[in-house]
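Colleague: sequence plus predicted model, see below.
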Amino acid sequence: MKTLVKAGWLLAYENGSHVIIRDGELVYEGSQVLFAGKSFSGPADRVLDARGKLVSPGFIDTHVHAGHRAVHRLMSDCGRPEFLGQPFYELMPSIGKKSKGDPRRALGREIALQARYTVVELLRNGVTTFVEFGAAAGMQQALVDEVKALGLRAYLGPGFDSGTLGCDAAGRRSFAPYADDGQSHLDSALAFIEQHQGAAGDRIRGILVPRELDTCSPELLGRANAAARERGLGLATHAAYNPWEVYETIARHGCTPIELLDRIGMLRPGVLLGHCNYCATEGRMHYPGGRDLDILAASGACVSHCPINLMRRGRMLDHWGKYRSLGIPIALGSDTYPRDMVTLMRAASYMGKMASADLFTAPASEVYTAATITGADALGREDLGRLCAGAKADFIIIDFQSRHHLRFAPLRDPVRALVECGFGDDVETVVVDGRVCMEGRAIPGFDMAALLRDIQEDAENIWDSVEGWDPLGRGAAERQPYSFPMR
C-alpha cells in the first residue's frame, strides 16, 4: 500500500545533507521510501495529515545500556571520590556478590521488565534504531523479544571481557581475570549473533562489543577485531572514557587507549567508540605530545558522544568543534538516561559551545546530523537516518501545536526550535520499516500504566536490597541521602 504523508515541514535528504521542505510530501510503500520532496504527482492508497508538524528521519541512538533507572537513582549527585566520577564503578559489588538491579546481572522476570522498559522508552522518544553497548546474553535475548514485538531496529550482541571488575574486602576496585582470557564469552557472542542476524525482517543485526579497554586484553581485542572483519560485523567499545582506564592502559601497555586500538588495527570505519572524552590531547590527561585526535581523524572510527551522562558526572568533551574540524565523526548516544534524543541534541550543542567558548560550535544542524545521518553511516547504513527514495521508511512525526504549549512559538526554523526547546515527548508518531509503531503518542496494544507500576515495584525491591551487595555495606539512604529531609 502506497502511503502519502503531507508534512508541515519535511526533513528530506539531498546531496549528502538534510534539507527542510515547507509543505513537503513523503511517500512510502512497504518498508521503503519512494519519494521525499515538495509535491508527489502519483496516486496514493492512503494519506496521513501531518500539516503543522515536522516529518523527520527517526533518531539513531548509538549507545544504549539496557535497563531501568533504579540503580542510577542512587548515583545522582553522589559517588565515591576514589572512582574518579566513573558511574559504572559505583555499581560494582563485593567480589562473589551480585548487585541487584544491574542489568548485566539481572535474572528472569527482571530482565524482561528492564528490556521492555528500554525499548518502550526509546520508541516513545522517537528512536527508530539503537545499538546496545554490551549487556549480557540474557538481556540481549530479552531485547530480541521486545524488538520483535514493538517494532524497532536494533544492533545487539552480548558484551565480553577478559575478566570481571568488582570490589575487594576493603571496597577497592579489583579485577579478576578469566582463565581463557574471555574467549568463551567471545564465542558465545558470535553464536548469539549468528542465531539472530537478520531476524524480524532484518531489523535485528549483530554487533561485537568488547566492553572496555581496562577489562579486555589486547589479545582479546585483536581476536574480536578479526572476527568482526571476517563476518562483516560492526564493532563497539568504550575508549578513552575515564581516568582509571587511561592511566591503566598507559601503565600496562605504554600507550594511550586510542594508541592501543590503533596498534591493534581496531580503528577504522564501522567502529563505534564510546565517549573518547579523555583523549591525550585533553589537557587534564597531562600526556605530552599526545596524538589521539590525529589518530582518530585518520581512522574513520566514529565517536559515540553521550553528553548528558558526561555532564552528570562533571565531565565534558573538549570539544565538539575541535573534533569536527579534524573530520572525526560524532554520533549521539543516551548511555543510561534519559533516552531522549531531543534533549541529548540540546545538551551536545550547549556542551560544545561552553567547552569551546564559541557560540558557533555544535549548531542545531550538526547535532541533528549526529543523531541521524552520522549514526547511520557509523553502522554502514546508507538507507537509515535520512529520507530519500530508496531509504528505509523509518521516520517520526513531531508535533509543535496540539497541546497548546508555548515552547515552540513563534516558529520559524523547526530544527532549531526542536533542538533548543523540544523534548522526546513531542514525538507523536513513529514508523519503522513502514510499520506504525506509535501513533498519537500511544503504542498500539501496550499498557503503559502496567509497565510503570511494575517498574516502581521492582525498583523498591532493588533499593531495599542495596545493603546486601554494596561493598561498604551502605543502604540506599546512605548511598544517596534524600535531597531534603524525608518526613
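Modeller: Nice, I can see it.

Colleague: OK, contacts around the residue sitting nearest the centre point of the chain?
Modeller: Nearest to the mean C-alpha position of the chain, by Cα atoms, centre = their mean, lies H63 at 2.3 Å. Neighbouring residues of H63 by Cβ atoms under 8 Å, 6 or more residues apart in numbering: 131, 133, 272, 274, 304, 306, 332-335. Backbone N, C-alpha and C define where each C-beta goes, glycine included.

Colleague: so it: helix, strand or coil?
Modeller: Classification of H63 using DSSP: H, G, I helix; E, B strand; the rest coil returns strand.

Colleague: now it. Nearest residue, chain neighbours left out?
Modeller: Leaving aside its sequence neighbours, H63 sits nearest to G333 (Cβ to Cβ, 6 or more residues apart in numbering; 2.4 Å).

Colleague: would you check that that neighbour makes contact with I60?
Modeller: No - look at G333 against I60 with Cβ atoms under 8 Å: they stay out of range, at 9.1 Å.

Colleague: what are the ranges of the helices in the stretch 351-487 of the chain?
Modeller: Along the stretch 351-487 of the chain, counting by DSSP state H, counting those that start in this stretch, helices occupy 364-369, 375-378, 414-421, 448-469, 476-479.

Colleague: looking at the ones you listed, which is closest to M351?
Modeller: Nearest to M351 among the helices of the stretch 351-487 of the chain is helix 364-369 (9.9 Å), distances taken as Cβ to Cβ.

Colleague: and that closest one, what does it pack onto?
Modeller: The helices and strands touching helix 364-369, judged by 3 or more Cβ pairs under 8 Å, 6 or more residues apart in numbering; DSSP states H and E, are strand 17-22, helix 341-356, helix 414-421.

Colleague: so what touches the shortest one?
Modeller: It refers to strand 17-22. 7-13, 36-38, 57, 365, 368-369, 372-373, 386, 413-415.

Colleague: switch the cut-off to 6 Å
Modeller: 9-12, 38 (Cβ atoms under 6 Å, 6 or more residues apart in numbering).

Colleague: please enumerate the helices of the stretch 201-350 of the chain.
Modeller: Under DSSP H, counting those that start in this stretch, the stretch 201-350 of the chain gives helices at 218-231, 243-253, 257-264, 292-299, 307-312, 320-325, 341-356.

Colleague: now do A136: how many residues are near it, please.
Modeller: Using other Cβ atoms under 10 Å, A136 has 20 neighbouring residues.

Colleague: also L34?
Modeller: L34, neighbours per other Cβ under 10 Å, totals 20.

Colleague: with adjacent residues omitted, what lies nearest to it?
Modeller: Nearest to L34 is V27, by Cβ to Cβ, 6+ apart, at 4.6 Å.

Colleague: cool, A224 as well?
Modeller: Leaving aside its chain neighbours, A224 sits nearest to P210 (4.8 Å; criterion: Cβ to Cβ, 6+ apart).

Colleague: got the contact list for that neighbour?
Modeller: 216, 221, 224, 237.

Colleague: which of these ranks first by neighbour count?
Modeller: Neighbour max across those (other Cβ under 10 Å) = T237, 27 neighbours.

Colleague: okay, and the beta partners of the nearest residue to that one once chain neighbours are set aside?
Modeller: In space, and not counting its chain neighbours, T237 is closest to P210: 5.1 Å by Cβ to Cβ, 6+ apart. Under DSSP bridges, the beta-bridge partners of P210 are F160.

Colleague: touching, V64 and E132? I think so.
Modeller: Yes - assessed by Cβ atoms under 6 Å, V64 is found in contact with E132 at 5.2 Å.

Colleague: burial check on the closest residue to E467 other than its chain neighbours, number of neighbours?
Modeller: Of all residues beyond its chain neighbours, the one nearest E467 is G475 (4.3 Å), with distances taken as Cβ to Cβ, 6+ apart. For G475, the count of nearby residues is 15 (other Cβ under 10 Å).

Colleague: check the residue lying closest to L235 once chain neighbours are set aside and give its pLDDT.
Modeller: Leaving aside its chain neighbours, L235 sits nearest to A228 (4.4 Å; criterion: Cβ to Cβ, 6+ apart). On pLDDT, A228 comes in at 98.

Colleague: A228 against T237, yeah?
Modeller: No - taking contacts as Cβ under 6 Å, A228 lies outside contact range of T237: 10.8 Å.

Colleague: coming back round to it: so which of the helices and strands packed on helix 364-369 gets nearest G52?
Modeller: helix 414-421 (10.2 Å).

Colleague: how near is G159 to T336?
Modeller: 15 Å (Cβ to Cβ, to the nearest Å).

Colleague: could you check which of those two is surrounded by more residues?
Modeller: Each of G159 and T336 has its neighbours counted (other Cβ under 10 Å); G159 has more, 26 against 20.

Colleague: hang on, the more buried one packs against L208?
Modeller: No - contact between G159 and L208 fails when scored by Cβ under 6 Å: they sit 9.0 Å apart.

Colleague: the helices of the stretch 201-350 of the chain into CSV, with extra columns for distance to A169?
Modeller: Converted to CSV, the helices of the stretch 201-350 of the chain look like this (distance: least, Cβ to Cβ, whole Å):
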stretch, distance to A169
helix 218-231, 28
helix 243-253, 20
helix 257-264, 29
helix 292-299, 37
helix 307-312, 30
helix 320-325, 42
helix 341-356, 39
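
Colleague: and those helices: which comes nearest R109?
Modeller: The nearest among these, by Cβ to Cβ, is helix 307-312 at 27.2 Å.

Colleague: tell me the helices and strands packed up against the closest one.
Modeller: Contact partners of helix 307-312 among helices and strands, from 3 or more Cβ pairs under 6 Å, 6 or more residues apart in numbering; DSSP states H and E: helix 341-356.

Colleague: check which residues of the helix it packs on are buried.
Modeller: Using 16 or more other Cβ atoms under 10 Å as the burial criterion, the residues of helix 341-356 that qualify are 341-353, 355-356.

Colleague: repeat that for stretch 427-436.
Modeller: Going by neighbour count (16+ other Cβ under 10 Å), the buried part of stretch 427-436 is 427-434.

Colleague: roughly how far out does that stretch sit from the chain middle?
Modeller: With Cα atoms, centre = their mean, to the nearest Å as the basis, stretch 427-436 stands 19 Å off its chain's centre.

Colleague: give me the contact list for that stretch.
Modeller: So stretch 427-436 is contacted by 28, 30-31, 123, 126, 128, 151-153, 393-399, 437-439, 441 (Cβ under 6 Å, 6+ apart).

Colleague: mind saving the C-alpha coords of that stretch as CSV?
Modeller: The C-alpha coordinates for stretch 427-436 follow below in CSV (Å, rounded to 0.1, in the frame of the first residue of the first chain):
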residue,chain,number,x,y,z
VAL,A,427,7.3,12.9,19.1
GLU,A,428,3.7,11.8,18.3
THR,A,429,4.2,9.1,15.6
VAL,A,430,6.9,6.6,14.9
VAL,A,431,7.1,4.5,11.8
VAL,A,432,9.8,1.8,11.4
ASP,A,433,10.2,-0.3,8.3
GLY,A,434,6.9,1.1,7.1
ARG,A,435,5.0,-0.1,10.2
VAL,A,436,3.3,2.3,12.6
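
Colleague: break this structure down into its domains, please.
Modeller: Using automatic domain parsing, the domain parsing of the chain gives 2-58+387-438, 59-378.

Colleague: nearest to R479, out of the ones you listed?
Modeller: Closest to R479 of the domains of the chain is domain 59-378 (Cβ to Cβ; 4.9 Å).
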